[in-house]
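> All I have is the shape, not the residue letters:
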């Protein structure tokens, strides 16, 4: 990939000024890549044929480094917001895209990121319909920050609500934990492990769609365990539902090299960020069937049942350890790994 | 205003980690300020009762300084996006809100900004329904960047489209030009003028709504002349419609101290950013009536007719100067004032 003929080698302050250079950057890279009738309205926004009600979710991405094993900030920015819309029981359809670029970002890097956004949007089945580009002086940003806001429609079969969680519900995860956080950390610290640890970043909206089509109201909650990890999600479930969560340490799926890296670095994988798995809280009666469905799905082959909703210790998460003991799992208080997404 | 008891004096990296400290920041400041049933869904997003089709627009705000005469980054972030939705002929209803905070931002400053967002949202009649907070290390950002994405419905009387612009249309502006850019610049450079120059930041959605109710299809286009100024908007109109734009220098409304400041600094007010006025391209037959309506409106008392769509010089903007000469107006190429919004 090489910069387009009209563009300099790196992004300059003037590319964010709203003048001809902004327009050139947009025309040469952004509009060309995302070409669709909504962008071509060339309004200050877009008018899209969504019927209400509308699901909306937003996320800014500040991950460092911007390229990492298994993905980059562009792919992450699409998958992260697509997944948040899906976790509300929504079918994501359209994205807005806001860039805050630090002056000096290589134009080739920007192009790679835009192309990565396009691939991820295509894979998720969403369209980028409106956007914004700002440029800040060198030293006032960090290469590139990306905001995406996703809109979509509620799934007709979705009944996702914290209040629906009940005793006997099972907690499923759709794949091995802690891969994203450990990929970023090993990249950042220049750590070399036996085999490369890859971020798990991927879209989960098709998995959610298929699960809701198959099981509808039997699924009480979806959450993606990003910042704060699985422990963060389980703590939220316990606190917000007022119910007890019992987890079984031995049942957590984790790649052995991720587990080894966590051990070397003294990190608990339960607190490490994921970007391509979901937690589902499902009716206990159909949980085995849901688990089998997930394991047979391309986005859920590593699925496992990791715990359940119990009558004991309401509002708290308790972990049964591999040697039979029990401990309370507290949510992350401060910072484990900054700028993980 | 003082920081809430549970919060430290400044924002720390840990406030963006997704752990307990993030939750405290959100609970103490954000959820308390914006309290509404959509935020209380506590999903990864919100489900809002909008009927389709949907108008969507996004903008990131990186203005420096974050507090300036006549406004602050929070108010700007609401008005900017509300106005972009309105310029598409939309009625803005809901906002998403994404913060990228530099570690060390004073908690009192954050609180002031959040309260300013709330006031601006109330004034515009929109609700903040979902959000995201990230924190980056000191030196990797600049105090605070804000992304807002607005969604709403198309106005039932709106027929806003570049293709509807026709020969004989008149170009109206809703108030004096160049105030926002000169307010930021004088703040940034520590310039003192005879009287303080204030940013014009305000919402324009009520003005748009009232204009569309009164004149409907006679209004062919709305644009707000932000980055790139009035010349940027007129250049876009000429290029995208393929028609000639004739402007009359003597008819431009401008506060005399803004004009004086532009002259001292060698800036052409035509290129300076505005954040509280709109350009409307309207059917020539009703233009006088539209202008009188705007002048009688609280958001348009300084309105003026500044030019028209002409058969000559298609695709180009020409300015008739105060001494009778004519010159071609080119759009801004690079950077006039960085980080103006």
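Cool, the structure landed. Treat the numbers as computed from the prediction; the structure is a model and nothing was measured.
> Doesn't residue A:7 lie inside a strand?
No - per DSSP: H, G, I helix; E, B strand; the rest coil, residue A:7 lies outside any strand segment and is coil.
> and it, what is it in contact with?
Applying CB atoms under 8 Å, 6 or more residues apart in numbering or on different chains, we find residue A:7 in contact with A:24, A:25, A:28, A:29, A:107. Quick note: C-beta positions are derived from backbone N, CA and C, even for glycine.
> From those, which land in helices?
A:24, A:25, A:107 (DSSP state H).
> Most neighbours among those residues, please name it.
Most neighbours among the ones in helices among the contacts of residue A:7, by other CB atoms under 10 Å in any protein chain shown: residue A:25, with 26 neighbours.
> Also near chain B: which of the contacts of residue A:7, exactly?
Applying CB under 8 Å from any CB of the partner chain, the subset of the contacts of residue A:7 adjacent to chain B is empty.
> Can I get the ones in helices among the contacts of residue A:7 in JSON lines including pLDDT?
Output for the ones in helices among the contacts of residue A:7, formatted as JSON lines (pLDDT from 0 to 100):
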{"residue": "A:24", "pLDDT": "87"}
{"residue": "A:25", "pLDDT": "88"}
{"residue": "A:107", "pLDDT": "95"}
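> Out of those, which is nearest to chain B?
Closest approach between these and chain B, by CB to the nearest CB: residue A:24, at 9.4 Å.
> what's the distance between that closest one and residue A:14?
10 Å (CB to CB, to the nearest Å).
> Over to residue A:308?
Residue A:308 is 58 Å from residue A:14, by CB to CB.
> just residue A:238 next, same as before
51 Å.
> how about the residue of the stretch 51-200 of chain A found nearest chain B, secondary structure?
Proximity of the stretch 51-200 of chain A to chain B (CB to the nearest CB) peaks at residue A:57, 2.8 Å away. Here residue A:57 is recorded as strand under three-state DSSP.
> For it, list each beta-bridge partner.
residue A:150 (DSSP bridges).
> got the contact list for it?
A:81, A:84-85, A:88, A:90, A:149-150, B:43-46, B:96, B:130.
> do residue A:327 as well
Residue A:327 neighbours (CB under 8 Å, 6+ apart): A:318, A:319, A:321.
> distance of it from chain B?
18 Å (CB to the nearest CB, to the nearest Å).
> How about residue A:247?
Relative to chain B, residue A:247 is positioned 18 Å away (CB to the nearest CB).
> I'd guess that residue is in a strand, am I close?
Yes - under three-state DSSP, residue A:247 sits within a strand.
> I'd guessed it sits against residue A:319; true?
Yes - the pair residue A:247 / residue A:319 is scored as a contact, 4.7 Å apart, by CB atoms under 8 Å.
> got any residues that touch both of these two?
With CB under 8 Å, 6+ apart as the test, residue A:247 and residue A:319 both reach residue A:329.
> So for the residue of the stretch 51-200 of chain A closest to chain B, what's the pLDDT?
At residue A:57, the predicted lDDT confidence score is 97.
> Also residue A:23?
Per-residue pLDDT puts residue A:23 at 84.
> tell me the contacts of it?
Contacts of residue A:23 (CB under 8 Å, 6+ apart): residue B:331.
> Relative to residue A:144, how far out is the nearest residue to residue A:261 once chain neighbours are set aside?
If the residues on either side of it in the chain are set aside, residue A:261 comes closest to residue A:182, at 4.9 Å by CB to CB, 6 or more residues apart in numbering or on different chains. Per CB to CB, residue A:182 is found 23 Å from residue A:144.
> tell me which residues in stretch A:298-314 are buried?
Of the residues in stretch A:298-314, A:299, A:300, A:302, A:303, A:304, A:305, A:306, A:307, A:308, A:309 count as buried by neighbour count, 16 or more other CB atoms under 10 Å in any protein chain shown.
> so can I have JSON lines of those showing secondary structure and pLDDT?
Output for those, formatted as JSON lines (DSSP: H, G, I helix; E, B strand; the rest coil; pLDDT from 0 to 100):
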{"residue": "A:299", "secondary structure": "coil", "pLDDT": "98"}
{"residue": "A:300", "secondary structure": "coil", "pLDDT": "98"}
{"residue": "A:302", "secondary structure": "coil", "pLDDT": "97"}
{"residue": "A:303", "secondary structure": "coil", "pLDDT": "98"}
{"residue": "A:304", "secondary structure": "strand", "pLDDT": "98"}
{"residue": "A:305", "secondary structure": "strand", "pLDDT": "98"}
{"residue": "A:306", "secondary structure": "strand", "pLDDT": "98"}
{"residue": "A:307", "secondary structure": "strand", "pLDDT": "98"}
{"residue": "A:308", "secondary structure": "strand", "pLDDT": "98"}
{"residue": "A:309", "secondary structure": "strand", "pLDDT": "98"}
